[in-house]
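Q: Sharing a sequence plus its predicted fold:
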Amino acid sequence: MAKLIAATSTTLKIVIIGAYVFGVVFCLAGVWLVYLGAIGDTQFSFFGQTFKSSNVGIAALFIGGVAVVLLLRRSLGTLEGAIRAETPKHTHDKAPLQHWPNKKTLATLRTKIKTLSDTQWIILNAVAERNGVAAWTLAEQLKVGPSIFYHRVNTLEQEELLILDDKKLYLASAVIAVAKGKSLADLRQ
């Protein structure tokens, strides 16, 4: 994680910190305006919701609170992605019982592929077609949101079907060995 954070530009850090400061200042200003009893009809639409208040301080507090909450969610999601990207990979020699069994055959691979969700299947099939594809590029090409994409990739990796290595996705060697050149799409049917 340290490498990714160190590589982040100074401008981006300033923007993020500035946005947090902006949110907190709006919250504090809202509290202060409520304390002073500032009156003024306020109405605005925010994320499709209409907000009405007779106190300007309540509106400022709402805007600041929403800004801080959204920034926290996004920042924590980014940190989670950075941690996941730099977590050492463990060898997958022994599969848990609920995963693809230790005895990997074409029949067990076919069964495993048929139980995948549509999103997992799309990702696995795309990796099979272009083994060694960059994860971020694939997420953009498939138009799958980053959080859903990496969650599904993580699941496929735990199921011993994919390997995420150096930000690239590869089919697991057991899948390649068992499929023996057969198309995964044929195995799903």
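A: That came through fine.

Q: Domain ranges for this protein, per the record?
A: 2-86, 106-188 (automatic domain parsing).

Q: first vs last residue of the shortest one, how far apart are they?
A: Using Cα to Cα, to the nearest Å, one end of domain 106-188 lies 11 Å from the other.

Q: helix/strand/coil for the residue most central in space within the chain?
A: Nearest residue to the geometric centre of the chain (Cα atoms, centre = their mean): residue 147, 1.6 Å. Under DSSP: H, G, I helix; E, B strand; the rest coil, residue 147 falls in the helix class.

Q: Give the buried residues for the lengthiest helix in the chain.
A: Criterion DSSP state H: the longest helix present in the chain is helix 56-86. By neighbour count, and taking 16 or more other Cβ atoms under 10 Å as the criterion, the buried residues in helix 56-86 are 56-64, 66-68, 71, 82, 85. Where you see a C-beta, it was placed from the backbone N, CA and C, and this is true even at glycine.

Q: From the chain's centroid, how far away is that helix?
A: 15 Å (Cα atoms, centre = their mean, to the nearest Å).

Q: how about JSON lines for the domains of the chain, with mean pLDDT added?
A: Formatted as JSON lines, the entries for the domains of the chain read as follows, by pLDDT from 0 to 100:
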{"stretch": "domain 2-86", "mean pLDDT": "80"}
{"stretch": "domain 106-188", "mean pLDDT": "82"}
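
Q: Could you look over these and pick the most buried one?
A: Across these, averaging neighbours per residue (mean count of other Cβ atoms under 10 Å) puts domain 106-188 on top, at a mean of 16.

Q: Output the contacting helices and strands for the longest helix of the chain.
A: helix 2-7, helix 10-36, strand 39-46, strand 49-55, helix 146-158 (3 or more Cβ pairs under 8 Å, 6 or more residues apart in numbering; DSSP states H and E).

Q: hang on, the earlier thing: out of the buried residues of helix 56-86, which comes closest to residue 37?
A: For the buried residues of helix 56-86, the closest approach to residue 37 (Cβ to Cβ) belongs to residue 57, at 8.4 Å.

Q: and that closest one, what does it touch?
A: 29-36, 38 (Cβ atoms under 8 Å, 6 or more residues apart in numbering).

Q: Which residue, other than its chain neighbours, is closest to it?
A: On the basis of Cβ to Cβ, 6 or more residues apart in numbering, the spatially nearest residue to residue 57 that is not a chain neighbour turns out to be residue 33, at 2.9 Å.

Q: check contacts around the one you found.
A: Residue 33 sits next to 55-57, 60 when contact means Cβ under 8 Å, 6+ apart.

Q: repeat for residue 53
A: If you count contacts by Cβ under 8 Å, 6+ apart, residue 53 has them with 41-43, 59, 62.

Q: can you tell me which two in the residues you listed are farthest apart?
A: Using Cβ to Cβ, the contacts of residue 53 span at most 14.6 Å, a distance reached by 41 and 62.

Q: returning to that earlier point: for the contacts of residue 53, which one is nearest residue 172?
A: residue 62 (48.6 Å).
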